[in-house]
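S.K.: this is a predicted model, with the sequence first.
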Amino acid sequence: MRYILAAFAAAFLSAAVPAAQSDALVAPGAEIEKEDFFKPRIAPQIAPRGYNLTIVYFMDYACPQCRRYTPDVERVMREDRRIRWIYRDIPSISSKSRDAARVAIAAQWQNRHHAFHRALMMSPGRLTDANIRAAANKVGLNWARLQRDIKLRGKEIDWQIERNIELADAAGMPGTPAFIIGERQSNGALDYDGLKAEIADARRELRKR
């Protein structure tokens, strides 16, 4: 089921999605505006040259639905290279969710975020320290360097996770997965056909502006 971001509906009707690349650290609880959803800061992203649509993907590595539909999301990524993807970790399901999110965010500094994300999302069984480490090894992450990056940038990583949670709460997201596709919010899992339909609708709306 599709929703326009309820808390930001008026702004959504009056402005196109900005393509800002970063924002300053702000105190938890600071006022959230529409454009904050599209400012990655250190939230990992894939931003192809010439993209014409942004998808903000809210997920948890322990989320069964996120895992189940990862192949569908990956297929859309492969086929449509005009989409910018922003990954927003919402670790809440498992005691290991935050550990996985911290590793995923830090993996970008070795240019391995997407590979790690895919490997962990598609790994069997429940989320554990062992399969987090196995996914990192599978995609060639240097584990010692990863731990150094997490230690050195831990405050910034934790800030990003809390900011992601604040954004999800502000949008009224009931859980993961959830997507903001262009200017549409979709709560719940989307298979390949559902995601393609949402993308087509979002692009049609943007063309009307």
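M.R.: Received the coordinates, thanks.
S.K.: mind checking the SS state of the spatially most central residue of the chain?
M.R.: For the chain, the residue sitting closest to the mean C-alpha position, by C-alpha atoms, centre = their mean, is residue 87 at 1.8 Å. State at residue 87, reduced to three classes by DSSP: H, G, I helix; E, B strand; the rest coil: strand.
S.K.: let me see the ranges of the helices in the protein.
M.R.: With helices called from DSSP state H, the chain shows them at 9-12, 64-68, 70-79, 97-107, 113-121, 129-138, 143-152, 154-170, 192-207.
S.K.: pLDDT of the third one, averaged?
M.R.: With pLDDT averaged residue by residue, helix 70-79 scores 98.
S.K.: got the angle for that helix vs helix 192-207?
M.R.: Counting by axes from the mean of the first three to the mean of the last three C-alpha atoms, to 10 degrees, helix 70-79 lies at 50 degrees to helix 192-207.
S.K.: flag the shaky bits of the protein, pLDDT-wise.
M.R.: Flagging of the chain using pLDDT under 70 yields the residue ranges 1-30.
S.K.: what sits against the closest residue to residue 138 other than its chain neighbours?
M.R.: In space, and not counting its chain neighbours, residue 138 is closest to residue 119: 4.9 Å by C-beta to C-beta, 6 or more residues apart in numbering. C-betas here are computed from N, CA, C, even on glycine. Residue 119 is in contact with 135, 138-139, counting by C-beta atoms under 8 Å, 6 or more residues apart in numbering.
S.K.: so which of these wins on neighbours?
M.R.: residue 135 (24 neighbours; other C-beta atoms under 10 Å).
S.K.: show me the contacts for it.
M.R.: Residues in contact with residue 135, defined by C-beta under 8 Å, 6+ apart, are 116, 119-120, 123.
S.K.: how does it look with 10 Å?
M.R.: Residue 135 makes contact with 61, 100, 103-104, 107, 115-123, 141, according to C-beta atoms under 10 Å, 6 or more residues apart in numbering.
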